[in-house]
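Trainee: based on what follows, work out the 3D shape:
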Amino acid sequence: MAKSPKMLYTSKIKFKVTNQPVLRNLKTIKKSCVASRYGHKQMLCPSRSSHHYDVCITSEQLCDDNIDCPGGEDENAINCLFYKSTKEQLKHIYNTVLLLADHATKQNSHREL
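Mentor: Take a look at the predicted model:
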């Protein structure tokens, strides 16, 4: 009984892994976004534009009540609820660590987020 080829899924592309020499050395291509003009790190939208281009957004565009990704994934209510609550908790942790560091070094030079 012959084995069926393994399937690899990457976003909307499906590959079959076979024992052919060319495909044996196939490496996974990781797409990423370059930094914006102002040096902000960007992230790749899961969906592509109507012209099949990749779309990148900054973290400031994530959950800002404006749809920036073609499929609107950046404004998904469930994801944004998790993102916003996590972001606020991390801000609180960051500010607490700064206060503790200032107290330990007897300085008062922290900057809150």
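
Trainee: state the pLDDT value of residue 66.
Mentor: In this model, residue 66 is scored at 96, pLDDT.

Trainee: what about the residue nearest to it when sequence neighbours are not counted, neighbour count?
Mentor: For residue 66, the nearest residue in space outside its immediate sequence neighbours is residue 75; the separation is 7.4 Å by CB to CB, 6 or more residues apart in numbering. For glycine as for every other residue, the C-beta is placed from the backbone atoms N, C-alpha and C. Neighbour count of residue 75, defined by other CB atoms under 10 Å: 17.

Trainee: can you list phi and psi of residue 75 for me?
Mentor: phi -120, psi 20 (degrees, to the nearest 10).

Trainee: pretty sure it is touching residue 81, no?
Mentor: No: if you go by CB atoms under 8 Å, residue 75 and residue 81 don't touch, sitting 11.3 Å apart.

Trainee: pLDDT of stretch 101-113, averaged?
Mentor: Taken as a whole, stretch 101-113 carries a mean pLDDT of 74.

Trainee: and if you look at stretch 44-56?
Mentor: Across stretch 44-56, the per-residue pLDDT values average to 92.

Trainee: can I get it as PDB, trimmed to CA atoms?
Mentor: Listed next in PDB are the C-alpha coordinates belonging to stretch 44-56 (Å, rounded to 0.1, in the frame of the first residue of the first chain):
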ATOM      1  CA  LEU A  44       1.700  41.000   7.500                       C
ATOM      2  CA  CYS A  45      -2.100  40.900   7.100                       C
ATOM      3  CA  PRO A  46      -3.500  37.300   6.700                       C
ATOM      4  CA  SER A  47      -5.400  38.300   3.600                       C
ATOM      5  CA  ARG A  48      -4.100  39.800   0.400                       C
ATOM      6  CA  SER A  49      -5.300  42.900  -1.500                       C
ATOM      7  CA  SER A  50      -7.700  42.600  -4.500                       C
ATOM      8  CA  HIS A  51      -4.600  42.700  -6.800                       C
ATOM      9  CA  HIS A  52      -3.100  39.800  -4.700                       C
ATOM     10  CA  TYR A  53      -0.400  41.900  -3.000                       C
ATOM     11  CA  ASP A  54       0.700  41.400   0.500                       C
ATOM     12  CA  VAL A  55      -0.500  44.100   2.900                       C
ATOM     13  CA  CYS A  56       1.500  45.200   6.000                       C
END
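
Trainee: that concludes my questions; thank you for your assistance.
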